[in-house]
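task: produce atomic coordinates for the following.
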Amino acid sequence: MLFALSLCFIFVPAGFLHPSVALSGARVTPTSHRHRIQPAGTRPTQPATLLLVAAHRGESLRVSAPPSPAAPDANPGQNIAPGTHPMLKSEVQVVALPTDPGTEGFQQPITVREVETTAGTFGDVSRFLQTVAGVVSDNDQRNDVLVRGGNPSENSFVIDNIEVPSINQLALSDTTGGFVSMLDANAIRQITLHTDAYDSRFEERLSSVIEISTRTPEQVGRHGESELGIAGLGGSLTRPFGHDGSLFVSGRQSVMSWFTNDIGMNGVPKYRNAFVRAESGTGERDSWWGMSLTGIDSMAIHPSATDGAETNPYDIKYNGWRNTTGVNWQHVFSPKFMTVASVAHAFQTQTLAENAQLESGKLVYDEHTSDGISTVKVDATWQATSRLAVTGGMRTAVDQVNYSVAQPVGLQNPYSTDPAPLNAGTFAHQFATMSSSVYAQAALNLPKGATLVLGERAMQWSLGGHSGETSKALFSFPIAGRMLHVGYAELEQLPPTLYLLSFDNLRMLKPIQSRQLTAGLTVADSRRTRVTLETYNKTYADYPVAAGYPQLSLANIADNFGQAFLMFPMVAKGKGVARGAELTVQQHVTSRLDLTGTVAYSRSLYTGLDGVWRRGNFDLPLVANLSGVWKMAHGFTGSARFSTTSGKPYTPDNLALSYAQDRDVYDLSKLNSDRSPAYARLDFRIEQARQIGRGLLTWHAGLQNALDRANFYSYAWQPQGDRGVSEQDQMPLFPDGGLKYSF
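Predicted coordinates for the structure are as follows:
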């Protein structure tokens with residue numbers, strides 16, 4: 001995550017500081033001061049050494065100076081505040097790089113400690129993001145991130161400047177959500193959610209970019225952790241590596257299958273994952289860092305064939321494997337110009353078989369898909385003047401596709417009044433295709449604290465023969481002592497590949513376009529209180545809609561996780577709009593108590609082929625979250641979270657046809673016209689950390705949906721015995737607990 005950093009260029013007389021000097025302790029903000037570190041009252045008689053340190057804006061830096069001939073009285077590891085140590089004077093030049101919070105609207109920086117301590121998250125990054133204003137979940141059992149009315153496939157993940165298709169276990173090829181994150185929370189240093197007119201260097205997604213940093217700017221010692229909890233059994237090790245670098249290795253194995261064969265989905269997920277991150281310097285001006293993330297998972301769903309209340313008459317077997325590996329090389333040509341080159345390869349494969357219980361186990365869906373993408377990109381940053389920063393770069397990718405998908409007898413379609421199985425067919429594709437993009441962006445610091453950012457990105461996709469250009473503009477300025485920003489962003493994204501390659505969709509579909517206007521105000525920003533307010537208006541064009549069902553859009557197709565897949569012929573003739581306002585209040589009540597509250601009001605509407613505006617599946621007008629963390633005595637930390645949303649929109653059954661045909665037949669004249677009761681959930685969590693020997697033992701326990709509220713998920717038909725529509729609810733009361741030992 002290079003470009004979310006500020007760079008500190010510190011000029012040090014040669015031989016004065018140890019080569020492994022680490023920085024932390026002083027607040028770092030974008031300035032253009034240049035200072036030296038030297039013994040007080042002396043002149044630097046030795047050549048200056050250029051020391052490069054990367055830090056997030058606002059991060060603490062610690063200066064540790066071991067004894068040296070120039071500083072005989074300095075103590076090893078002594079904390080030195082710039083300008084206060086009797087032997088040292090330090091001046092720092094900090095260059096603000098493009099994703100410093102002057103080049104975007106409101107970013108959402110999140111620390112791993114917030115993720116770990118917040119109730120109801122199971123220590124999962126994506127589940128924590130569901131507490132952020134403008135982000136909602138579709139189902140408690142999964143960690144899909146739905147941002148500002150968008151589809152889960154409209155998000156991307158970036159880990160340490162490497163694009164990752166999905167960080168989650170059991171993530172299907174047409175979405176980014178899953179059951180739990182593959183990335184160990186211990187590896188994470190910071191998460192940033194980009195939803196505004198985000199930096200032009202990111203490969204475009206229509207809703208958000210979720211950027212994760214695992215790098216540690218300070219020196220690391222030997223450290224390890226072992227952990228057992230709901231998310232699995234695993235551990236991690238950190239070691240010094242190379243020249244002032246570090247090595248981190250982690251792994252995890254699921255454990256729920258040891259205790260049950262059903263977690264409320266007629267099955268239980270099984271998974272393993274591993275993460276490796278390494279970084280090292282190779283000289284005064286060069287450094288590299290890289291990572292590899294791997295996940296292997298499976299799940300077998302076996303509904304009871306004799307249960308009259310069962311709504312899913314399909315046996316489903318899923319197996320998946322995914323890996324992303326990449327490396328970055330940074331070279332600093334001068335204090336004003338630097339580049340980062342990246343090479344990465346991501347690969348995921350999945351098999352999915354579905355058999356109809358009501359048809360003697362007949363195979364109705366069979367999928368063997370593999371997606372690979374090899375990426376090369378270069379980003380450059382030039383501090384042209386003290387006020388102007390210019391960035392630019394290029395990206396080239398080769399996609400490897402190997403798909404074999406069959407619906408041998410077709411499937412009954414709940415959107416059709418015809419009871420016969422529809423859309424029977426098979427397809428197989430194996431090919432490689434390229435995509436490329438270039439971008440340029442300029443950030444200008446204007447007088448009186450104002451900032452203007454302009455960006456342009458050009459893209460080309462060989463798959464389908466598409467190309468496009470998008471622009472970005474952001475203007476931020478102080479008004480009445482508060483910062484206000486207004487932004488405009490154009491975004492384009494191809495539909496999921498599985499949809500593109502079905503039927504004649506490759507010829508009929510094209511990149512989905514989005515135009516987004518945002519405005520935000522920092523209402524209050526003090527030591528104890530921070531309040532932000534933001535509004536947005538996002539429009540969609542060329543949105544995929546069903547060719548045979550004029551009411552139906554990709555945005556209001558019922559969720560198909562755990563159900564038989566429904567593949568449609570589609571055309572790019574839909575439109576959409578999502579608009580809303582988001583309020584975030586963060587209150588540092590006391591040194592021991594922190595509260596965060598978010599309220600969002602939004603609407604999301606989409607058209608089908610008939611041009612009529614209807615609610616999208618994720619149209620939740622009111623969403624509110626209140627969470628608190630209380631640091632108690634004796635090493636205890638408690639947290640609580642209350643979440644509530646408007647009810648979910650849904651399409652009721654045409655009951656006359658459903659009873660006549662003994663299956664779901666949706667009433668398309670009422671597509672997403674009905675709304676369920678409001679959603680509400682209360683979660684608790686408590687932990688205690690105690691010193692055990694040379695390590696720290698932390699235990700935690702908690703409850704998700706502590707009041708065991710029945711939160712609506714969907715209605716589904718019961719075809720076996722108790723014929724009729726049955727309400728399907730989200731996760732009931734569910735326990736959380738675990739142990740962690742740090743050594």
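
so where is the stretch 551-700 of the chain shaky, pLDDT-wise?
In the predicted model, the stretch 551-700 of the chain carries pLDDT under 70 at residues 558-566.

beta partners of residue 274?
Counting by DSSP bridges, residue 274 is bridged to residue 251, residue 294.

and it, what does it touch?
By CB atoms under 8 Å, 6 or more residues apart in numbering, the residues touching residue 274 are 249-252, 292-294. For the C-beta atoms, the positions are set from N, CA and C on the backbone; glycine is no exception.

and residue 200, which of the three is it?
Secondary structure state of residue 200, per DSSP: H, G, I helix; E, B strand; the rest coil, is coil.

what do you get for residue 506?
helix.

what of residue 413?
On the basis of three-state DSSP, residue 413 is classed as coil.

surely it touches residue 419?
No. Assessed by CB atoms under 8 Å, residue 413 is found out of contact with residue 419, at 9.4 Å.

the more surrounded of these two?
Neighbour totals were compared for residue 413 and residue 419, and residue 413 leads with 23 against 14 (other CB atoms under 10 Å).

ok, for that one, nearest residue in space, not its chain neighbours?
residue 422 (4.8 Å; CB to CB, 6 or more residues apart in numbering).

low-confidence ranges, the stretch 101-250 of the chain, go.
For the stretch 101-250 of the chain, the ranges with pLDDT under 70 are 101-103, 172-175, 217-218.

please, where are all the helices along this protein?
With DSSP state H as the criterion, the chain has helices at 112-117, 125-129, 497-500, 505-508, 655-661.

which strands or helices does the third one pack on?
In terms of contacts (3 or more CB pairs under 8 Å, 6 or more residues apart in numbering; DSSP states H and E), helix 497-500 is packed against strand 388-407.

partner strands of the strand it packs on and their direction?
strand 362-383 (antiparallel), strand 425-445 (antiparallel).

can you give me the buried ones in the first one?
What it means is strand 362-383. 364-375, 377, 379-383 (16 or more other CB atoms under 10 Å).

swap in stretch 473-487?
So for stretch 473-487, counting by 16+ other CB under 10 Å, buried means 474-476, 483-487.

residues in a beta bridge with the residue nearest the centre of the chain, which ones?
Per CA atoms, centre = their mean, the C-alpha nearest to the average position across the chain is that of residue 210, at 3.6 Å. Going by DSSP bridges, residue 210 is paired in beta bridges with residue 157, residue 193.

from memory it sits against residue 159, does it?
No. Taking contacts as CB under 8 Å, residue 210 lies outside contact range of residue 159: 9.3 Å.

and this structure, what are its domain boundaries?
Using automatic domain parsing, the domains assigned to the chain come out as 1-96, 108-213, 223-404+437-742.

most tightly packed of the ones you listed?
domain 108-213 (a mean of 24; mean count of other CB atoms under 10 Å).

how long is it end to end?
13 Å (CA to CA, to the nearest Å).

again, but for stretch 402-421
Taking CA to CA, the first and last residues of stretch 402-421 lie 27 Å apart.

chain center to that stretch: distance?
33 Å (CA atoms, centre = their mean, to the nearest Å).

repeat that for stretch 198-212.
Centre-to-centre, stretch 198-212 and its host chain are 10 Å apart (CA atoms, centre = their mean).

re the thing from before, so for residue 520, which of the helices of the chain sits nearest?
helix 125-129 (18.4 Å; CB to CB).

the closest residue to residue 235 other than its chain neighbours pairs with what?
Distances taken as CB to CB, 6+ apart put residue 226 closest to residue 235, at 3.9 Å, once the chain neighbours are dropped. On the basis of DSSP bridges, residue 226 takes part in beta bridges with residue 235, residue 741.

these two touch, right, residue 226 and residue 250?
No. Contact between residue 226 and residue 250 fails when scored by CB under 8 Å: they sit 10.4 Å apart.

what do those two both touch?
Contacts common to residue 226 and residue 250, judged by CB under 8 Å, 6+ apart, are 234-235.

can you tell me the closest non-neighbouring residue to residue 393?
Residue 393 sits nearest to residue 379 (CB to CB, 6+ apart), 3.9 Å away.

what does residue 731 give?
residue 140 (3.7 Å).

phi and psi next, for that neighbour.
phi -60, psi -20 (degrees, to the nearest 10).

that one: what's it in contact with?
Here residue 140 is in contact with 681, 704-705, 711, 730-731 (CB under 8 Å, 6+ apart).
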